[in-house]
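[1] Attaching a predicted model along with its sequence, questions to come.
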Number of protein chains: 2
Amino acid sequence: MSETTHPTDRAARLARAKAVLGASTKVCPPNRATELLEAVIAPGDRVALEGDNQKQADFLAACLAKVDPARVHDLHMVQSVLALPDHLAVFERGIANRLDFSFAGPQSRRLAELVAAKALKVGAIHTYLELYARMLVDLTPQVALIVADKADRDGNLYTGPNTEDTPTIAEAAAFRGGVVVAQVNEVVDHLPRVDIPAGWVDVVVPGPKPYAIDPLFTRDPAKIRDENVLMAMMAVAAVYEPYQVTRLNHGIGYATAAIELILPTFAAQRGLKGKVARNFVLNPHPTLIPAIEAGFVDNVYCFGSELGMERYVASRPSVFPVGADGNLRSNRALAQVAGQYACDLFIGGTLQIDPQGNSSTATKGRITGFGGAPNMGADPHGRRHDSPAWLRAGEEAGERLRGRKLVVQMVQTRQPNGAPSFVERLDAFDLAAAAGFALPPVMIHGDDVTHVITEHGVCNLLRCRSLEEREAALRAVAGDTEFGKRQNTDMTEALRRRGIVMRPSDLGIDAATATRDWLAAKSIDDLVTASGGLYTPPAKFRK
Amino acid sequence: MSETTHPTDRAARLARAKAVLGASTKVCPPNRATELLEAVIAPGDRVALEGDNQKQADFLAACLAKVDPARVHDLHMVQSVLALPDHLAVFERGIANRLDFSFAGPQSRRLAELVAAKALKVGAIHTYLELYARMLVDLTPQVALIVADKADRDGNLYTGPNTEDTPTIAEAAAFRGGVVVAQVNEVVDHLPRVDIPAGWVDVVVPGPKPYAIDPLFTRDPAKIRDENVLMAMMAVAAVYEPYQVTRLNHGIGYATAAIELILPTFAAQRGLKGKVARNFVLNPHPTLIPAIEAGFVDNVYCFGSELGMERYVASRPSVFPVGADGNLRSNRALAQVAGQYACDLFIGGTLQIDPQGNSSTATKGRITGFGGAPNMGADPHGRRHDSPAWLRAGEEAGERLRGRKLVVQMVQTRQPNGAPSFVERLDAFDLAAAAGFALPPVMIHGDDVTHVITEHGVCNLLRCRSLEEREAALRAVAGDTEFGKRQNTDMTEALRRRGIVMRPSDLGIDAATATRDWLAAKSIDDLVTASGGLYTPPAKFRK
């Protein structure tokens, strides 16, 4: 199942494409795109459809869903993200029957239904970086359907700020004899810059409208609650400060948005400017603007961009990876590598944590997938360079020959719907049994987690010397959940004396003053102001 | 220390370059290259000099070593490999005083001397992938000195088969406001393909002669000994076969070359064709030719190329990543990702193993560095997709929620000089103490190793349930070394009954028939013949 397309087969596919395009052009009119796909895709092909975390090759996805299943069938889809109904339509219509993917987000419920109905077989669920790796090795695509902002008539591509997965997918296909088809918003005479050379691209299809893209990394400061601020303060006081965390990655969510917004206030007051949170691997979160403007942040390396942040990013070329053309170039594959190997801290939220500290965002009836978090939220055993944060974490864990990555999970003890976040058994186990997975989809493994932060305090799992201690530490911060009530107070106090459990007061934090007042921006408007008017929020975030 | 070059600073550097080049060209004559470097490099810069595992920007390295230290000084070199005397001359001449790197190979002794003499300070020693990651985050280069085969007059670059690190270094600098200078063998009107777009490249310098490149991955089959064949047979019988290892990476050396050469003979006889060793992440090892020609190998993804293999690789485009131009494109960064996340096995040799199974190639008086092995020879905790090999290894290790990567170390119990390979304490500890490193440079950590193979047998560390068992298993295969003699026979036999220790006979192998006769090619000439005359060995491998 890992054949590369043979050159003669590639030539035959391109000859069929020429019959659709005419002999002298790489540009396919949108109304012939379905026909083009029928010409270049063969039954049984592995097809890499660019569904990214943010941008989508939506027109090509729609065209693929319309091909004649009598001609094109048994496809094996290799795709980072299933975000659109058309991403599932190929299975519903009998065009594809096999899927290897990373994240299903809004399509997670329908995906679970289709798997249950045996409309498709899931090969495996991956992190982003694993999927790219396999596209180079044993899931090499015969056809890649990618997306970019602009093409020139030769087929050079300009991705704009949301470069994301495109170069990696193109490389995986173009250098395995695959056929690369690119949806673009427009075909122009001169590109601002070349992100992907024309020689890697076989056909360009101008879409009938700009490609779909989602502002996934925008969090409205108005929705951050006092509890988020309290937990953010504890993260700074219990982790960023003592470990001197300069290089880090934040997950998505209000918990980490709160951290970003108290860097110029709370963290600055603790004298941490220039000492922590200097180098981020992160999408351009709007909530990072105040910290950048305060000079807290040296630079940010980006997986993708964020809608509305384009002008701000372009005007901060000493912070973001901006090219000579003046625009961001992001790169999801390299940013995942940077998140894994050049960061000392990953901090993010979760839905459920079990007594061993395993955490999961899986819920019954949905096949959500992993995205990128497990790659960054794991201790990379292949790391060899040291840093103060990494060495200190290793020492606390009793490591003799290596350091440890700091992996912090922030979670309120109850979810917004009242369900407890701490559970004796993860829903992931039931999901795995129902879907026939070999292993439950654990997002972060307990032995990789170093700290858990709730509104009741922080536990430092590095200092635990047994599974029993780890469990007791977790119960100590689980509040009034059933999980937390099983803990006896003496044990909690013993752990507190050993510095394993820390209450806000142990960290010099007065919980009563842990309010939204610390936020450097309290609304989207404040972020726009902080950006000097350069940030342009998408419509759904405007009043 | 992680500032990005400010755009106005970049503009000033390019203006100074124009004064050297003349206004209308990107091409710098070789006799003005030193002057050019003095124009674009500022004191205190981080400079990424392309020293790869194979190819070298040797002319730019020589020019850099000749700049006036009164004008250019206090440089911080960020460089994968220190291979050439000029790579150290910059420290000897007071041009640079800080170094972050991955591997020092032939310069390891001189590097240790310069560190001892305080001529430079080593920031950290990295794996390749870590260094690239840091070049994007906190070791962003102000200037990158890279190397490629050809440029056109616009500055587009063609790397040829040895793409290696070039695109990654160029991206790290070009999108941080850095200045990118490329040494090329020739400037032409039309490139076979574009590997790096002109917009990422500021200046092109045609070198006075073709860049230096080393055939590092060529092993002469004539030098493979019977013991290597025996160990290779055990690797196949004890690991490849039971775990159904289809996706894998081999280290460099005669031990793994022997495996490559018995795939079409011994492994085929055991019925393993199509069942094991189908997808390699590997440079184009000449010793892989017979297995490829026997149809044993589906495909190979490449870190770099190998001198002499160009025509063979180009004529096997369904095996290697070959572009529409007909030549290999390799990619060290992506191949390291593939080696980490898309392979179930890493197997390689080492110099020393200690009672915990830690292994190291460090020796006193040399600062060698890591290269890529630790990245691939570690259990990647971020991996989430499963495979039969990974699941079986996890089960044997008693893992409940994850699989395990197979990490196999092959070592004869004594090195060619008679020194024991098994030691109570690694030399790496003394080296670390002497050089002032925080941690000893352990190549593969004991808890990541799953199997150790010597000429006396195989031990499966996955099945060990304590550090004492692990140690006993290692002593059981350590032969007549002092390390091995400390083991009592009863313990060894007990481990053998439990399948932890396997002798050749336990694997159905008659050690008496484990000879060079199994090798599918016994000489370089045999490899040429197997390639149909397409492999052209470098002079030093010809009779």
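    Structure's in. What do you need?
[2] buried ones in stretch A:272-285?
    Neighbour counts over stretch A:272-285 (16 or more other CB atoms under 10 Å in any protein chain shown) mark A:272-273, A:276-285 as buried. Using the backbone N, CA and C atoms, a C-beta is placed for each residue, glycine as well.
[3] Which single one of the residues you listed is nearest to residue A:132?
    The closest of the buried residues of stretch A:272-285 to residue A:132 turns out to be residue A:281 (CB to CB; 16.3 Å).
[4] Tell me the backbone dihedrals of that closest one, please.
    The phi/psi pair for residue A:281 (degrees, to the nearest 10) reads phi -110, psi 110.
[5] show me what contacts it?
    A:247-249, A:300-303, A:335, A:338-339, A:342-343, A:376, B:136-137 (CB atoms under 8 Å, 6 or more residues apart in numbering or on different chains).
[6] Closest one of the buried residues of stretch A:272-285 to residue A:28?
    residue A:283 (31.5 Å).
[7] Could I get the contacting residues of that closest one?
    A:216-217, A:302-306, A:330.
[8] Which residues of the stretch 151-300 of chain A lie near chain B?
    A:156, A:168, A:171, A:174-177, A:193-195, A:197-200, A:246-247, A:278-279, A:281, A:298-299 (CB under 8 Å from any CB of the partner chain).
[9] could you point out which element follows the helix or strand hosting residue A:147?
    Element membership for residue A:147, per DSSP states H and E: strand A:143-151. Remark: after strand A:143-151, the chain's next helix or strand is strand A:157-158, criterion DSSP H and E.
[10] shaky segments in the stretch 1-150 of chain A?
    The stretch 1-150 of chain A contains residues with pLDDT under 70 at A:1-5.
[11] let's go with 50 and repeat that
    A:1 (pLDDT under 50).
[12] Quick one: name the residues of it near chain B.
    A:2-7, A:100, A:123-127, A:129-134, A:136-138, A:140.
[13] what about burial for those residues, which qualify?
    Buried members of those, scored by 16+ other CB under 10 Å, are A:2, A:4-5, A:100, A:123-127, A:129-134, A:136-138, A:140.
[14] Quick check: the gap between residue A:407 and residue A:449.
    For residue A:407, the distance to residue A:449 (CB to CB, to the nearest Å) stands at 5 Å.
[15] Which neighbours do the two have in common?
    Common neighbours of residue A:407 and residue A:449 (CB under 8 Å, 6+ apart) are residue A:377.
[16] circling back: mind giving me the PyMOL command for buried ones among the contacts of residue A:283?
    Command for PyMOL, covering only those of the contacts of residue A:283 found buried under the criterion 16+ other CB under 10 Å:
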select buried, chain A and resi 217+302+303+304+305+306+330
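[17] Throw the contacts of residue A:283 into TSV and include distance to residue A:396 and pLDDT, thanks.
    What follows is the contacts of residue A:283, written out as TSV (distance: CB to CB, whole Å; pLDDT from 0 to 100):
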residue	distance to residue A:396	pLDDT
A:216	34	94
A:217	32	96
A:302	31	98
A:303	30	98
A:304	34	98
A:305	37	98
A:306	35	98
A:330	34	98
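[18] contacting residues for residue A:442?
    Contacts of residue A:442 by CB under 8 Å, 6+ apart are A:358-360, A:426, A:428, B:401-402.
[19] So it: helix, strand or coil?
    What DSSP: H, G, I helix; E, B strand; the rest coil gives for residue A:442 is coil.
[20] now the angle from the lengthiest helix in chain A to strand A:143-151?
    Identified as the longest helix of chain A according to DSSP state H is helix A:7-21. Angle of helix A:7-21 versus strand A:143-151, following axes from the mean of the first three to the mean of the last three CA atoms, to 10 degrees, is 50 degrees.
[21] outside of helix A:7-21, which residues touch it?
    When contacts are defined by CB under 8 Å, 6+ apart, helix A:7-21 is touched by residues A:5, A:27-28, A:32, A:35-36, A:39-40, A:42, A:177-179, A:202-203, B:317-318.
[22] Cheers, nothing more for now.
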